[in-house]
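Engineer: I'd like to go over a predicted model; first the sequence, then the structure.
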Amino acid sequence: MEYPQWGNGSVNGQAHSGTLLPDTTGPEVHLVGGSRAEAIKLAPVVDWMHRRARMRPVLVDSGQHDSMFEQALGSFALRPDLRLRNDQGCTGQASHAEQLSGMVRLLDEHLMLRRPAAVVAQGDTTTALATALAAFWRGIPVVHLEAGLRSHNVRAPFPEETTRRLVAQVSTLHLAPTSRAAENLRSEGLGGSGVLTVGSTAVDAAIRVSGRPVAFTDPRLEAVEWRARCGNCRLLVVTVHRQESWGAPLAGVLNALTTLLQRHPDLEVVLPIHPHPALRKQVMTGLFGTDRVHVTAPLPYDAFCRLLSTARLVLTDSGGVQEEAPIFGVPVLVLRENTERVEAVEAGCSVLVGTEHRRLADHVSRLLQDSADRQAMVYAGNPFGDGHAGHRVEHAIAWMLGLEQTPPCPPQSVRYTPSERLRTE
């Protein structure tokens, strides 16, 4: 397959904000985010708005997760145009209710003053819900990016499953990553012609950062990645960031890792974790005395993709990683009992394994020992798009605003051959 080329994300070599140059004409479109995942998935859309230069993107940082949104944008040479004041209960330290009420109030003030032609809400965060509600109440069209994902269980993931359903109710344009997600929306009676399949912009983002050299700031990661590339170890990347995974589920994962490291002397584990004191204490206690485990702080997005591309397997509860890993041909074991990304399970590039430690350890061992099973997952393909989702999103928004006569065509399913497996070097 042919991967798309991005712009360099800069003006005269310098990082820039989401807004185009002041003399650019066209309707203003506000893209609101407050988390690392939102930054990653909005960046390809902003890139294509810059390239087509017919709409003016404005990146708004809701402040939901302190500086994480801005830090993640840095991997794409972007920065926010506007930061909401986070002194009214908007940050990640507040409850969901406090976050939502604070952000709706601030976004309402902002939208009343700016009156953009459209507002983009990404995914299933509190920021997405606040954005959708504030825009809807002001009569501004809501574009829901990553629309239609469904686990069909309001408790898992919580509260995301309910949040994305609520966002869908007030959206004008529903941009689904897959045909299944689009069908979910239609089965709920939503959208009509406003439901479009565009692919996942997470695929675009991972492809972009994989094409450039990235240095690790942690020398342990440089060393373990070198050993993995040279065939001196097999690397297992593990991410467990969801709050419902903390406690007993995380204990199961840690027990499984201890067992696996005893079974496989050439196995090394990298485990980036959130700096939450209780989470870090559980991880460090659960892995105490265990060799060949490298616990790190959360990695910059480009550094994480470099590490992921070298992994033998990835164990994760993250939705984004379920979409990113197949790009690099890395099999995914999902540390949950259900997933809203069932397409990956059906395609064969991921498996739902949960967190029961015996089941998890046995499944990892089987993939480490059975090259045929693992190779089938490596080349299963990527059901989440072809790397051109950002282009389709820009086209779809332009169509909604009357700048295009027809909507974009949906992506084709991507199948890899061994020579096409994307790797960072």
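Structural biologist: Noted; the coordinates are in hand.
Engineer: list the contacts for the spatially most central residue of the chain?
Structural biologist: Nearest to the mean C-alpha position of the chain, counting by CA atoms, centre = their mean, stands residue 320 at 3.4 Å. Residue 320 is in contact with 37, 40, 41, 202, counting by CB atoms under 8 Å, 6 or more residues apart in numbering. From N, CA and C alone the C-beta is placed, and that goes for glycine too.
Engineer: Please apply the same query to residue 335.
Structural biologist: Each residue near residue 335 by CB under 8 Å, 6+ apart is listed here: 240, 245, 249, 253, 315, 316, 317, 353, 354, 355, 360.
Engineer: follow-up on the earlier one: next, format the contacts of residue 320 as a markdown table and append pLDDT.
Structural biologist: Conversion of the contacts of residue 320 to a markdown table gives the following (pLDDT from 0 to 100):
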| residue | pLDDT |
| --- | --- |
| 37 | 95 |
| 40 | 98 |
| 41 | 98 |
| 202 | 97 |
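Engineer: PyMOL command for the buried members of those residues?
Structural biologist: In PyMOL, the members of the contacts of residue 320 classed as buried (16 or more other CB atoms under 10 Å) are selected with the following command:
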select buried, resi 37+40+41+202
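Engineer: Make sure I have this right: residue 42 is in a helix.
Structural biologist: Yes: assigned with DSSP: H, G, I helix; E, B strand; the rest coil, residue 42 falls within a helix.
Engineer: is it true that it touches residue 31?
Structural biologist: Yes: counting by CB atoms under 8 Å, residue 31 is a contact partner of residue 42 at 4.9 Å.
Engineer: what residues are shared contacts of the two?
Structural biologist: The contact sets of residue 42 and residue 31 overlap at 59, 120, 122 (CB under 8 Å, 6+ apart).
Engineer: Which phi and psi values does the first one adopt?
Structural biologist: Going back to what we said before, that points to residue 59. Geometry field for residue 59 lists phi and psi as phi -90, psi 120, criterion degrees, to the nearest 10.
Engineer: pLDDT score assigned to residue 210?
Structural biologist: Taken from the predicted model, the pLDDT recorded for residue 210 is 88.
Engineer: Now for it, how many residues are close by?
Structural biologist: Using other CB atoms under 10 Å, the number of residues around residue 210 comes to 21.
Engineer: Could you measure from it over to residue 329?
Structural biologist: Taking CB to CB, to the nearest Å as the criterion, residue 210 is separated from residue 329 by 12 Å.
Engineer: quick one on the thing from earlier: so the residue nearest to the centre of the chain sits in a strand?
Structural biologist: No: counting by three-state DSSP, one finds residue 320 to be helix, located in no strand.
Engineer: Among the contacts of residue 335, show me the least confident.
Structural biologist: Going through those one by one, the lowest pLDDT turns up at residue 245, 84.
Engineer: Tell me, how many residues neighbour it?
Structural biologist: Residue 245 is surrounded by 21 other residues when neighbours are defined as other CB under 10 Å.
Engineer: Likewise for the one 10 residues further on?
Structural biologist: Other residues within reach of residue 255, judged by other CB under 10 Å, total 18.
Engineer: The one 10 residues further on too?
Structural biologist: Around residue 265 there are 9 other residues, counting by other CB under 10 Å.
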